[in-house]
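Novice: sequence? don't have it. structure:
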């Protein structure tokens, strides 16, 4: 079962994304954060506690640290989670993929499209585990 973190500064969007992720049978745990700085703190706490995080589903445009900057910071982690952007802005897709994003979803999120992103995450996690690596690395 996947462990994922949803990050969005808009509460209704975060609640909807978290709900949809929880509805997917491949997702076993969903955490939520209202901004990228909180998400980094959550990720740090999880890693310190020995917990894994398979993926982060996050918005790009947020006050303070944005989703692209957050993803750049993840590159410094020994075992970074996979990143899926969930945003209303289609103009950042190239930058997102250049940073190694696994997928890029446009809001409003369609259940079927989110299921495809979760499938991609599950496959990436399985490949990484089979290779003895971690999702999002490489």
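Specialist: Great, that's in hand. Note that the coordinates shown come from a computational prediction; the quantities given were computed from them, not determined experimentally.
Novice: going forward, measure contacts and count neighbours with C-alpha atoms only.
Specialist: Will do.
Novice: now name the helix or strand holding the residue most central in space within the chain.
Specialist: Geometric centre of the chain, nearest residue: residue 56, 1.6 Å, by C-alpha atoms, centre = their mean. Counting by DSSP states H and E, the element that carries residue 56 is strand 55-58.
Novice: following that strand, which helix or strand comes up?
Specialist: Note on strand 55-58: by DSSP H and E, the next helix or strand toward the C-terminus is helix 67-74.
Novice: may I see the buried residues of that following helix?
Specialist: For helix 67-74, burial by neighbour count (16 or more other C-alpha atoms under 10 Å) applies to 67, 68, 70, 71, 74.
Novice: from these, which is closest to residue 130?
Specialist: Distance to residue 130 across the buried residues of helix 67-74 (C-alpha to C-alpha) is lowest for residue 74, with 21.9 Å.
Novice: how near is that closest one to residue 4?
Specialist: 14 Å (C-alpha to C-alpha, to the nearest Å).
Novice: likewise residue 12?
Specialist: Distance, residue 12 to residue 4, using C-alpha to C-alpha: 18 Å.
Novice: what do you get for residue 94?
Specialist: Residue 94 is 23 Å from residue 4, by C-alpha to C-alpha.
Novice: and the angle from the helix or strand where residue 83 lies to helix 67-74?
Specialist: Per DSSP H and E: residue 83 is located in strand 82-87. For strand 82-87 against helix 67-74, the angle by axes from the mean of the first three to the mean of the last three C-alpha atoms, to 10 degrees is 170 degrees.
Novice: can you list contacts of the helix or strand just after strand 82-87?
Specialist: Note on strand 82-87: by DSSP H and E, the next helix or strand toward the C-terminus is helix 93-98. Here helix 93-98 makes contact (C-alpha atoms under 8 Å, 6 or more residues apart in numbering) with 68, 85, 103, 104.
Novice: mind redoing it with 10 Å?
Specialist: Helix 93-98 has contacts (C-alpha atoms under 10 Å, 6 or more residues apart in numbering) with 60, 67-68, 71-72, 83-85, 87, 99-106.
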